[in-house]
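Enquirer: 3D, please:
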Amino acid sequence: MKKAFSSGLALIMLVLVLPFLISCSGISQEKYDKVNSDLGAAQAQIQKLQGDLTAKDTELKATSTKLGKARNEIEVLNAIFIPAITGELNNKSPDEMTSMFLGWRDKVNTIGDPTLTAKFQAIMDSGGGNEVTMEFFRYLLVDIQITLK
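Expert: Down below sits the predicted model:
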């Protein structure tokens, strides 16, 4: 009888303890599936955000390049206009004027725009003719505007 009692007690303990042991052994399949789904969604969002970041980085580099070009164009504009407006050019010897023109040409060449370079060369070839000079400045101003759009 003692043996039967022990067996019965063991069976009752097993019935009472087994659900507790099962519930402590892990999470439900439903919870696991939800967490796994959330993880997949988060990973997909990370991939999308990394793609967005790459696109914005490319856009930033393009904008930076455009801004650099516009800055160089404005430097050329200032380098020529300021001495002309202040009358500084009126007091220059031919050698000094040639030196200034060569410096301006170097700034124009740095921009890397073949049309702008050709228009500046036309100024030099004409000895500073009004029509070619105006064409150079017209092109430069329009190009600055286009570059900054």
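Enquirer: per-residue pLDDT, the residue most central in space within the chain?
Expert: With distances taken as C-alpha atoms, centre = their mean, the residue of the chain nearest its centroid is L60 (1.8 Å). What the model reports as pLDDT for L60 is 95.
Enquirer: Quickly find the element holding it.
Expert: helix 29-86 (DSSP states H and E).
Enquirer: Just after that helix, pick out the following helix or strand.
Expert: Next element after helix 29-86 (DSSP H and E): helix 94-111.
Enquirer: Give me the packing partners of the helix or strand that that following helix is followed by, helices and strands only.
Expert: Using DSSP H and E, the next helix or strand after helix 94-111 towards the C-terminus is helix 114-126. Contact here means 3 or more C-beta pairs under 8 Å, 6 or more residues apart in numbering; DSSP states H and E; on that basis helix 114-126 packs against helix 94-111, helix 130-147. Just so you know, the C-beta spots here come from the backbone N, C-alpha and C atoms, and that holds for glycine as well.
Enquirer: hmm, who's touching helix 114-126?
Expert: Here helix 114-126 makes contact (C-beta atoms under 8 Å, 6 or more residues apart in numbering) with 73, 101, 104-105, 108-109, 111, 129, 132-133, 135-136, 139-140, 143.
Enquirer: to the chain's geometric centre, what's the distance from it?
Expert: In terms of C-alpha atoms, centre = their mean, to the nearest Å, the centre of helix 114-126 is set 33 Å apart from its chain centre.
Enquirer: how far away is the spatially closest residue to I27 that is not a sequence neighbour from A44?
Expert: Distance criterion C-beta to C-beta, 6 or more residues apart in numbering; nearest residue to I27, sequence neighbours excluded, is V35 at 7.9 Å. Using C-beta to C-beta, to the nearest Å, V35 is found at 15 Å from A44.
Enquirer: Please apply the same query to S126.
Expert: Applying C-beta to C-beta, the value for S126 to A44 is 63 Å.
Enquirer: Okay, now the unreliable bits of the protein?
Expert: 1-25 (pLDDT under 70).
Enquirer: and I144, how many neighbours?
Expert: Counted by other C-beta atoms under 10 Å, the residues lying close to I144 total 17.
Enquirer: Next, count neighbours for the closest residue to it other than its chain neighbours.
Expert: Leaving aside its chain neighbours, I144 sits nearest to E73 (4.9 Å; criterion: C-beta to C-beta, 6+ apart). Around E73 sit 21 other residues, with neighbours defined as other C-beta under 10 Å.
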